[in-house]
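Q: what shape does this take:
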Amino acid sequence: MSRTSPTTAPAGRPRDTTIDAGVLDAALVELGSKGYSAFSIASVAEAAGTTRPAVYRRWKDKSALVVDAVARLAEVEPPPVSGDPYTDLVAELENFAHCISEAGALPLAGLMLSDTIDPQVRAAYLERVVGPRRQRLRAVLDSAVAAGDLDAGADLEVAGSFLTGSWYSFHVAGRPVPADWAARVAALVWAACRRPPG
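A: Below you'll find the model as predicted:
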């Protein structure tokens with residue numbers, strides 16, 4: 001991950017990227033388990049096997065660290081585009097389920113709705129994590145319309161939100177997400193937005 005962001009501390013001697021990665025992973029776990037208000041750089045440093053000064057040499061404060069930790073969630077490569085819209089939709093949803101199930105990701109998603117979160121952190125989450133995912137999902141749906149698979153008049157804005165929103169609803173209800181969730185939710189949206197025959 002680039003460290004040219006204005007949220008990070010100025011570069012000094014060459015950075016040990018192993019420490020960087022360990023701190024970012026520990027920060028996500030800390031954020032997911034304790035929330036932003038109780039987030040502690042000291043605890044992050046201990047979990048990462050480093051020191052507070054080492055963390056502060058890399059990030060000026062906890063907001064800067066959290067912003068970069070949030071951005072780490074977006075580092076997973078998106079699935080390759082096959083050219084078949086339905087296949088691509090299922091693959092994108094499977095990728096989403098994998099990413100959101102990673103350590104800290106699910107609690108972090110709920111934390112972003114809290115009034116206690118730093119606006120800068122929320123903005124980074126929306127820009128770097130949520131935004132790209134929504135854009136890719138919408139691109140798949142648009143390609144399905146262009147291919148004649150889905151109705152050009154379908155409400156793709158709501159359909160796109162429903163796709164990932166259905167995953168969160170299982171968790172809110174305290175129910176396990178089905179193993180074939182991606183295929184089932186894709187099939188449901190496909191049926192609802194299908195282009196009428198004729």
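Q: please enumerate the helices of the protein.
A: Defined through DSSP state H, the helices belonging to the chain, from first to last, are 17-34, 41-48, 52-58, 62-72, 85-100, 105-111, 119-125, 131-146, 156-172, 181-193.
Q: which one of those helices is the most hemmed in?
A: Compared across the helices of the chain, helix 62-72 shows the largest average neighbour count, a mean of 23 (mean count of other CB atoms under 10 Å). C-beta: built from backbone N, CA, C; applies to glycine.
Q: contacts for stretch 70-90, please.
A: With contact meaning CB atoms under 8 Å, 6 or more residues apart in numbering, stretch 70-90 is reached by 1, 24-25, 28, 91-92, 94-95, 98-99, 102, 105, 108, 121, 124-125, 128-129, 132, 136-137, 140-141, 143-144, 147, 149-150, 163, 182-183, 186, 189-190.
Q: where does this structure dip in pLDDT?
A: Confidence mapping of the chain against pLDDT under 70 gives the ranges 1-15, 102-105, 198.
Q: which ones are touching the nearest residue to D142 once chain neighbours are set aside?
A: With CB to CB, 6 or more residues apart in numbering as the criterion, D142 has its nearest non-adjacent residue at 7.2 Å, and that residue is L156. Applying CB under 8 Å, 6+ apart, we find L156 in contact with R138, L141, D142, V145, L150, C193.
Q: wait, what's in contact with the residue nearest the centre of the chain?
A: In the chain, the C-alpha nearest the mean C-alpha coordinate belongs to V129, at 4.1 Å (CA atoms, centre = their mean). The neighbourhood of V129, defined by CB under 8 Å, 6+ apart, consists of V70, A71, L73, A74.
Q: using a markdown table, please lay out these together with distance to V44.
A: Formatted as a markdown table, the entries for those read as follows, by distance: CB to CB, whole Å:
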| residue | distance to V44 |
| --- | --- |
| V70 | 14 |
| A71 | 16 |
| L73 | 16 |
| A74 | 20 |
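Q: once you drop chain neighbours, what's closest to T116?
A: Taking CB to CB, 6+ apart as the measure, T116 lies nearest to S37, with 4.9 Å between them; neighbours along the chain are not counted.
Q: give me the phi and psi angles of the one you found.
A: Main-chain dihedrals, S37, degrees, to the nearest 10: phi -60, psi -40.
Q: wait, doesn't it sit right on L111?
A: No - contact status for S37 versus L111: not in contact, 9.8 Å apart, counting by CB atoms under 8 Å.
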